[in-house]
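Student: Here is a sequence with its predicted model. Questions after.
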Amino acid sequence: MTQRAPVRVADLPSFDTLVDARSPAEFALDHIPGAINCPVLDDEERRIVGTLYKQAGAFEARRVGGAMVAANLARHLREQFADRPAHWKPLVYCWRGGLRSGSMVTWLRLVGWDAQQLAGGYKSFRHHVLAQLEALCPRLRLLVICGATGSAKTRVLHALAARGEQVLDLENCALHKGSLLGALPGVAQPSQKAFETRIVTVLDAIDLSRTLYLEGESARIGRLSLPLPLVARMRAAPCVEIQATPAARLDYLLRDYAYLGDDREALATKLGLLKELQGKETVRRWQEWARAGDLPHLYAELMALHYDPHYERSQARHFLSWAQRREVQATDLSDAGVEAIADAVRAL
């Protein structure tokens, strides 16, 4: 076989398919966007081979593992790769660009496909993600959209995106709404690595000469941490504040967080985490409202006693240009109201 030059992360667009040869657990933790998972060893097989390597030595691990690899590659050829044309050009990677991806590339080349191996494997892609965060974040032309809880900031981002503006939806990247009650029902957050991959996927596609809109977030969204270069750039960026009336915010929260009433006991349990901040009596009252499904009273007090005081304390501390922020007044956070706010933000 002819010797090929090493394939780098920058070469990814020149291939028809990205094939991740790692185990399903490794793939779930993070992977190159668009890759398909075709494990050379599944999670249990990888554990068995690793144990053999420690207990019986490298030869025995290779002997047993080789049979597993052969069976898995044969299955992929029969199933996943069965309909690939003769001119198919896949790029295969594993953790470091070693034996797992190398064995798959060998088999695919024997078939006749122009299969190649990513130099450095997933680790090289991970280095790319971290390097892009460091390189791109200081160059971003950000406009940060702020506003107290219930100001429909995320919906405004969506409306801006629909108008052709560049948007970084961090809560969508994190699969979390960013507050104590922000976990999405039945949806797990991605890993920290996958969160950062999602962010870089957006940043790689933007025009650095144009404004990028994003929501003013704290340094954490759920259990995930925002990349430090992005936090630093966001804190220094100009801000626009949506100043919505309490009544409009409450109406919006009752629509946007209505699903919290579907599991009242779970809601009450989450509220219990606020006892140290708000006191036992206040939280007990909130838990009673949660169990009774009285979301209007609950959300109104959460706004007044918890979210709004925290918001007022944090903004000036977190955003360097807070005193110079521009403001958009809002009395209506319906779909039409959100569209109007998006137009007002664009006009700024």
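Tutor: Yes, it's here.
Student: only C-alpha atoms for contact and neighbour calcs from this point on.
Tutor: Will do.
Student: Any idea which residue is closest to the centre of this structure?
Tutor: Against the mean C-alpha coordinate of the chain, by CA atoms, centre = their mean, the closest residue is residue 173 at 2.8 Å.
Student: residues in contact with the helix or strand hosting that one?
Tutor: If you go by DSSP states H and E, residue 173 is part of helix 170-174. Residues outside helix 170-174 that contact it (CA atoms under 8 Å, 6 or more residues apart in numbering): 177, 178, 189, 190, 195, 198, 199, 214, 215, 221, 222, 224.
Student: what kind of secondary structure is the second one in?
Tutor: Going back to what we said before, that points to residue 178. Secondary structure assignment for residue 178 (DSSP: H, G, I helix; E, B strand; the rest coil): coil.
Student: Begin at 29 from now on, thanks
Tutor: New numbering, starting at 29: the last item is residue 206.
Student: That one is in contact with residue 250, isn't it?
Tutor: Yes: with contact defined as CA atoms under 8 Å, residue 206 counts as touching residue 250 (5.6 Å).
Student: Run the chain-centre distance for the top helix by length along the chain.
Tutor: Ranked by number of residues, the top helix in the chain under DSSP state H is helix 86-106. Counting by CA atoms, centre = their mean, to the nearest Å, helix 86-106 is centred 34 Å from the centre of its parent chain.
Student: again with stretch 223-239
Tutor: From the chain centre to the centre of stretch 223-239 is a distance of 12 Å (CA atoms, centre = their mean).
Student: Just the CA coordinates for it, please, in PDB.
Tutor: Provided in PDB are the C-alpha atoms of stretch 223-239 (Å, rounded to 0.1, in the frame of the first residue of the first chain):
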ATOM      1  CA  PHE A 223     -20.200  21.100  25.600                       C
ATOM      2  CA  GLU A 224     -17.000  22.700  24.500                       C
ATOM      3  CA  THR A 225     -17.100  20.800  21.200                       C
ATOM      4  CA  ARG A 226     -20.600  22.200  20.600                       C
ATOM      5  CA  ILE A 227     -19.400  25.700  21.300                       C
ATOM      6  CA  VAL A 228     -16.400  25.500  19.000                       C
ATOM      7  CA  THR A 229     -18.600  24.000  16.200                       C
ATOM      8  CA  VAL A 230     -20.600  27.200  16.300                       C
ATOM      9  CA  LEU A 231     -17.500  29.500  16.500                       C
ATOM     10  CA  ASP A 232     -15.800  27.700  13.600                       C
ATOM     11  CA  ALA A 233     -18.700  28.600  11.300                       C
ATOM     12  CA  ILE A 234     -19.100  32.300  12.200                       C
ATOM     13  CA  ASP A 235     -17.900  35.400  10.400                       C
ATOM     14  CA  LEU A 236     -15.700  37.200  12.900                       C
ATOM     15  CA  SER A 237     -16.300  40.600  11.300                       C
ATOM     16  CA  ARG A 238     -20.100  40.400  12.300                       C
ATOM     17  CA  THR A 239     -21.800  40.600  15.600                       C
END
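Student: same question for it, mean pLDDT?
Tutor: The average pLDDT within stretch 223-239 is 98.
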